[in-house]
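Asker: need a 3D model of the sequence below.
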Amino acid sequence: MPTPRETILTALQARLHSIPYVTVLRGGVLPERVPAAGLLILRDGDPGAPGVTLSPLMYHYQHRAEIEAVVQTWDRDAAFDALCASIGTVIIAEPTLGGLCDWIEAEAPQPVDLPVEGAVSLKAAVIPVVLHYSVSDPLN
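Answerer: Numbers count the residues shown, from 1 in each chain. Down below sits the predicted model:
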């Protein structure tokens, strides 16, 4: 049975899959070719040190996952903007992932242009996503 952390990350990945035409990977490497509509790579990130409450014992996490967003097209600025807006839309539409976590919030991307020899440049950014959730066991 998957842990709550894994269940939350899997649900976030499923939400990202709802963005039309975009390829979504989990923990993968940047492929040689970026799909025309863009690429999202969900990284598990760092759960960090939890806050702890007693009676009942609960560990409260602000888990920082990351979404790598990448586009490679002649109109990369508009495509990147649309991709980031789509990520925001799917997070806002279900900010608790159906009750699996307390709250999800994305932080602003810091885009960079990456030149590719003999091809159109990439525009990419890491988008931090903070997952707020509580568990009764830190290994769970």
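
Asker: tell me which residues are up against stretch 127-134.
Answerer: By C-beta atoms under 8 Å, 6 or more residues apart in numbering, the surrounding residues in contact with stretch 127-134 are 4-5, 8-9, 12, 45, 58-69, 84, 87, 91, 100-109. In this view, the C-beta of every residue, glycine as well, is placed from N, C-alpha and C.

Asker: pLDDT on that stretch, on average?
Answerer: Taken as a whole, stretch 127-134 has a mean pLDDT of 97.

Asker: now do that stretch: distance to the chain's middle.
Answerer: From the chain centre to the centre of stretch 127-134 is a distance of 9 Å (C-alpha atoms, centre = their mean, to the nearest Å).

Asker: quick one: buried residues of that stretch?
Answerer: Buried residues in stretch 127-134, counted by 16 or more other C-beta atoms under 10 Å: Ile127, Pro128, Val129, Val130, Leu131, His132, Tyr133.

Asker: check which helices and strands the least confident helix or strand in the chain by mean pLDDT is in contact with.
Answerer: When the helices and strands of the chain are scored by mean pLDDT, DSSP states H and E, strand 112-114 comes last with a mean of 90. The helices and strands touching strand 112-114, judged by 3 or more C-beta pairs under 8 Å, 6 or more residues apart in numbering; DSSP states H and E, are strand 122-135.
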